[in-house]
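> Can you look at this prediction? I've put the sequence above it.
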Amino acid sequence: MAKHALVTGGGRGIGLAIATSLAGEGMRLTLVGRDRGRLEEAAKPLKATPIAADVSDPKAIERAHADAVVKSGPVDVLVNNAGIVETALVHKTSLKMWERLLRVNLTGAFLWSKAVVPAMVERKWGRIVNIGSTTSQRGYAYVAAYAASKHGLLGLTRSLAMEVAKAGVTVNAVCPGYTDTDIVSEAVKAIVAKTGKGEDFAEASLTQYNPQDRLIRPEEVAATVLWLVRPGSESVTGQAISLSGGEIM
């Protein structure tokens, strides 16, 4: 029977690129996200099951997991991709903003992993891939809350990988630099609004961190996830795989 893959934040951007790659492997797919309409539109060509749920809500995750298992069986591959970004200087970061980013970017991945791991361990096979960021590996100004959540995600990745290493389950983090997604498009708009300079300047202020001087493509992230869930990657676990054109070495 085809393996069951569940992708959070699967309706657009990196999540949709990952889901498309997994569908190409013949996997049964569940896409989870907050926007039901967007999910349904994304799911249709992939023959995936869309489940609307907020990853910051523990009860919603419980219901979504139960629904996914009923419809497609136990989750074999979990991709924790859902995430949000907000920017502010540390002394201007509100507690609400701090907690919001931690809930979505870190606690959601913890709760989803907690939900699927027991069945993976019982079956002696499973793959968990957490979509981190270069902010999992270094600091940037103005994104302390985001960086803290992504550093935490890497810590979760490494600790869980140790716990399930003997059970045939691998846990890894894929850490892209600035990627050509809606989130980066919004960042470019924000830089333009703040500086009064053009989009070329704004994009260059982001790509300056990448020695290849470019944005990462969502398909590159998807290809790395696909490698981690395919046969031949069994010994790769607890890793932070940087997709950043050499920014992180």
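Sure thing, it's come through. Numbering: from 1, shown residues only.
> Tell me how far the worst-scoring helix or strand of the chain on mean pLDDT lies from the chain's centre.
Here the helix or strand of the chain ranked lowest by mean pLDDT, DSSP states H and E is helix 182-195, holding a mean of 78. Chain-centre distance of helix 182-195: 21 Å, with CA atoms, centre = their mean, to the nearest Å.
> from what I can see Glu40 touches Pro50, true?
Yes: if you go by CB atoms under 8 Å, Glu40 and Pro50 touch, sitting 5.0 Å apart. Backbone N, C-alpha and C define where each C-beta goes, glycine included.
> Those two - which one has more neighbours?
Each of Glu40 and Pro50 has its neighbours counted (other CB atoms under 10 Å); Pro50 has more, 22 against 14.
> name the helices or strands packed onto the longest helix along the chain?
Counting residues, the longest helix found in the chain (DSSP state H) is helix 144-164. Helix 144-164 is packed against helix 95-102, helix 108-123, strand 126-131, strand 169-176, with contacts defined by 3 or more CB pairs under 8 Å, 6 or more residues apart in numbering; DSSP states H and E.
> Now mean pLDDT and distance to Gly246 too, for these, in JSON lines please.
What follows is those, written out as JSON lines (pLDDT from 0 to 100; distance: least, CB to CB, whole Å):
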{"stretch": "helix 95-102", "mean pLDDT": "98", "distance to Gly246": "27"}
{"stretch": "helix 108-123", "mean pLDDT": "98", "distance to Gly246": "27"}
{"stretch": "strand 126-131", "mean pLDDT": "98", "distance to Gly246": "20"}
{"stretch": "strand 169-176", "mean pLDDT": "98", "distance to Gly246": "13"}
